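[1] Sequence and predicted model, in that order:
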Amino acid sequence: PRPLFAPPDIDGWRHVPSWAWHRAGLEPPQSRTIVETARRGESVVRAASAATDGEARDRVFISLRGVGIWTSAETRIRAFGDPDAVSVGDYHLAHQVGYALTGHRTDDDGMLELLEPFAGHRQRVIRLIYVGSALEPRRGPRLHPEDHRDR
């Protein structure tokens with residue numbers, strides 16, 4: 001079996017060497033965002049913990065260079081268990097939500113409109129869709145990330 005590792009603490013993220021980021025498949029802009037965020041780590045944690053709602057946490061996270069609305073929503077979901085966070089801009093999410101609720105694909109705006117009656121619990125609804133609903137049939141080959149390590 002593969003060995004299991006716990007993620008580093010905030011200080012540990014600052015000291016990850018550049019070759020390790022490349023080996024993990026991250027591009028320089030992504031690794032720069034992580035390292036710069038780790039430099040401001042304690043203040044980001046304090047500000048995000050003190051925020052009273054999802055919009056306030058979005059403002060904290062989006063103030064970081066390289067962090068957008070999708071990353072902010074994913075952070076709110078995983079770090080804070082936000083029951084209302086929606087990952088706008090996700091490659092498949094809007095299509096799956098649209099297909100589950102209407103039988104047709106939709107875009108991000110359509111997804112938000114469909115989820116509006118569930119405000120306050122939109123992430124929970126999305127989780128329920130993925131767990132118990134018929135997902136849109138897949139078409140075409142799977143997209144695999146390009147591996148540059150053997151070049």
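    Cool, the structure landed.
[2] contacts, neighbours, all on C-alpha from now
    OK.
[3] Val45 in helix, strand or coil?
    Here Val45 is recorded as helix under DSSP: H, G, I helix; E, B strand; the rest coil.
[4] Around Gly120, how many other residues sit close by?
    Using other C-alpha atoms under 10 Å, Gly120 is surrounded by 14 other residues.
[5] so where does it fall, helix or strand?
    Secondary structure from DSSP states H and E places Gly120 outside every helix and strand.
[6] And the strands in the protein?
    Counting by DSSP state E, the chain forms no strands at all.
[7] can you give me the helices in it?
    10-14, 18-23, 28-39, 41-50, 54-62, 69-80, 93-102, 108-115, 122-132 (DSSP state H).
[8] possible to save those helices as TSV with distance to Arg142 and mean neighbour count?
    Below are the helices of the chain laid out as TSV (distance: least, C-alpha to C-alpha, whole Å; neighbours: other C-alpha atoms under 10 Å):
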stretch	distance to Arg142	mean neighbour count
helix 10-14	31	15
helix 18-23	22	13
helix 28-39	23	16
helix 41-50	36	15
helix 54-62	31	18
helix 69-80	22	17
helix 93-102	16	20
helix 108-115	22	17
helix 122-132	19	16
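[9] Select, out of those, the one closest to Asp147.
    helix 18-23 (9.0 Å; C-alpha to C-alpha).
[10] Reformat the helices of the chain as TSV; add distance to Glu146 and mean pLDDT.
    Shown next, in TSV, are the helices of the chain (distance: least, C-alpha to C-alpha, whole Å; pLDDT from 0 to 100):
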stretch	distance to Glu146	mean pLDDT
helix 10-14	24	92
helix 18-23	12	92
helix 28-39	15	94
helix 41-50	30	94
helix 54-62	28	95
helix 69-80	21	95
helix 93-102	22	93
helix 108-115	27	97
helix 122-132	27	93
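[11] Nearest approach to Arg149 belongs to which of those helices?
    Nearest to Arg149, of all the helices of the chain, is helix 18-23, at 6.6 Å by C-alpha to C-alpha.
[12] to the chain's geometric centre, what's the distance from the closest one?
    21 Å (C-alpha atoms, centre = their mean, to the nearest Å).
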